[in-house]
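Asks: Predicted structure and sequence below. I'll ask about it afterward.
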Amino acid sequence: MGRQMTWRKSRKMAIQLLGISTSFLIFNVGYFVLAIGQMVYDSSFGASLMFWFAPINLCTLQMVFPFFCLGTIPHLKQKLQLLNPWRRRAVVHPTEYGRT
């Protein structure tokens with residue numbers, strides 16, 4: 001009530017929602033076409049393909065979902081570089097004084 005929604009505050013959430021909904025539509029378009037074909041054309045339309053689409057559609061969205069969320073974490077590249085064990089570290093070597 002009286003609180004306005006600003007784009008800056010909800011940008012990350014909107015990007016996540018857009019990515020998740022787009023991936024849902026992309027991965028399920030084959031299943032949707034087969035289901036509409038069964039309803040409109042013939043009840044056995046694409047019945048053999050339905051056995052392939054159902055398990056794939058159940059798994060793909062859950063596998064893609066974390067990557068959409070990772071993409072909205074600020075400074076993700078720097079945080080991942082800190083976890084890299086092979087990154088370049090500043091090495092300090094002892095020096096010998098008094099030698100000429």
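Replies: That came through fine.

Asks: okay, CA-based contacts and neighbour counts for the rest of this
Replies: Noted.

Asks: and K77, how far is that from N84?
Replies: When distances are taken as Cα to Cα, to the nearest Å, K77 and N84 turn out to be 11 Å apart.

Asks: which other helices and strands contact the longest helix anywhere in the chain?
Replies: For the chain, the longest helix by residue count, based on DSSP state H, is helix 7-40. Applying 3 or more Cα pairs under 8 Å, 6 or more residues apart in numbering; DSSP states H and E, one finds that helix 7-40 contacts helix 47-70.

Asks: what's the offset of the next helix or strand after the helix it packs on from the middle of its chain?
Replies: Per DSSP states H and E, helix 47-70 leads on to helix 76-83 as the next helix or strand towards the C-terminus. Put simply, helix 76-83 sits 18 Å off its chain's centre (Cα atoms, centre = their mean, to the nearest Å).

Asks: average model confidence for helix 76-83?
Replies: For helix 76-83, the mean per-residue pLDDT is 79.

Asks: one step back: ok, and for the longest helix of the chain, which residues are buried?
Replies: When neighbours are counted by 16 or more other Cα atoms under 10 Å, the buried residues of helix 7-40 are found to be K12, Q16, G19, I20, S23, F24, F27, N28, Y31, L34, A35.
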